[in-house]
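Student: model this:
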Amino acid sequence: MTKNELLEYTELGAELRALEEEYREARSFTDEGKSFFIKDISTSPEMDRILYKLTKLEHIYFDKWNENITKRIDIVRAINSLDDPTERTLMLYRYIKGLTWENVCRKINYSWVQTHKIHNRALDKLTKYDQ
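Tutor: This next block holds a predicted model:
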């Protein structure tokens with residue numbers, strides 16, 4: 001697990017929230033279309049195509065959401081694989097919670113230099129975790 005992969009955690013969270021919004025919007029269009037379709041006695045091939053496309057869009061959002069959740073789980077598992085509780089805590093604060101370095105130092109009660117040494121040691125272990 002690389003530093004860039006760890007940094008993806010918060011980015012994936014933002015993307016998940018955006019996907020959820022898009023999914024809800026597609027879902028509302030689908031539901032509205034279905035109720036419109038049910039009210040309209042005549043079957044419309046065009047309405048069927050629209051509903052099909054909206055359903056397909058929902059599946060695309062769901063697939064991307066599932067992919068992002070899987071990546072986030074991988075990141076959490078990698079961090080949890082660290083033996084040292086200070087390393088785990090530091091990585092949790094920095095990459096899962098997205099705290100600044102100043103706040104990480106304060107939370108774990110270490111100096112800036114010592115915090116970065118612990119961080120580098122944890123990164124080395126996580127790089128080996130993937131291999």
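
Student: element containing Leu126?
Tutor: Assigned by DSSP states H and E, Leu126 belongs to helix 112-130.

Student: May I see the buried residues of that helix?
Tutor: 115, 118-119, 122-123, 125-126 (16 or more other Cβ atoms under 10 Å). Backbone N, C-alpha and C define where each C-beta goes, glycine included.

Student: Kindly report the same for stretch 3-20.
Tutor: For stretch 3-20, by 16+ other Cβ under 10 Å, it's 6, 8-9, 12, 19.

Student: Let me see the domain layout of the protein.
Tutor: 1-80, 83-131 (automatic domain parsing).

Student: could you redo the ones you listed as a markdown table and give each row mean pLDDT?
Tutor: Below are the domains of the chain laid out as a markdown table (pLDDT from 0 to 100):
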| stretch | mean pLDDT |
| --- | --- |
| domain 1-80 | 81 |
| domain 83-131 | 95 |
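
Student: and the angle for the helix or strand containing Lys56 with helix 112-130?
Tutor: Assigned by DSSP H and E, Lys56 belongs to helix 45-80. Per axes from the mean of the first three to the mean of the last three Cα atoms, to 10 degrees, the angle that helix 45-80 makes with helix 112-130 is 120 degrees.

Student: Buried ones in helix 45-80, by neighbour count?
Tutor: 50-51, 54, 57-58, 61, 64-65, 68, 72, 75, 78-79.
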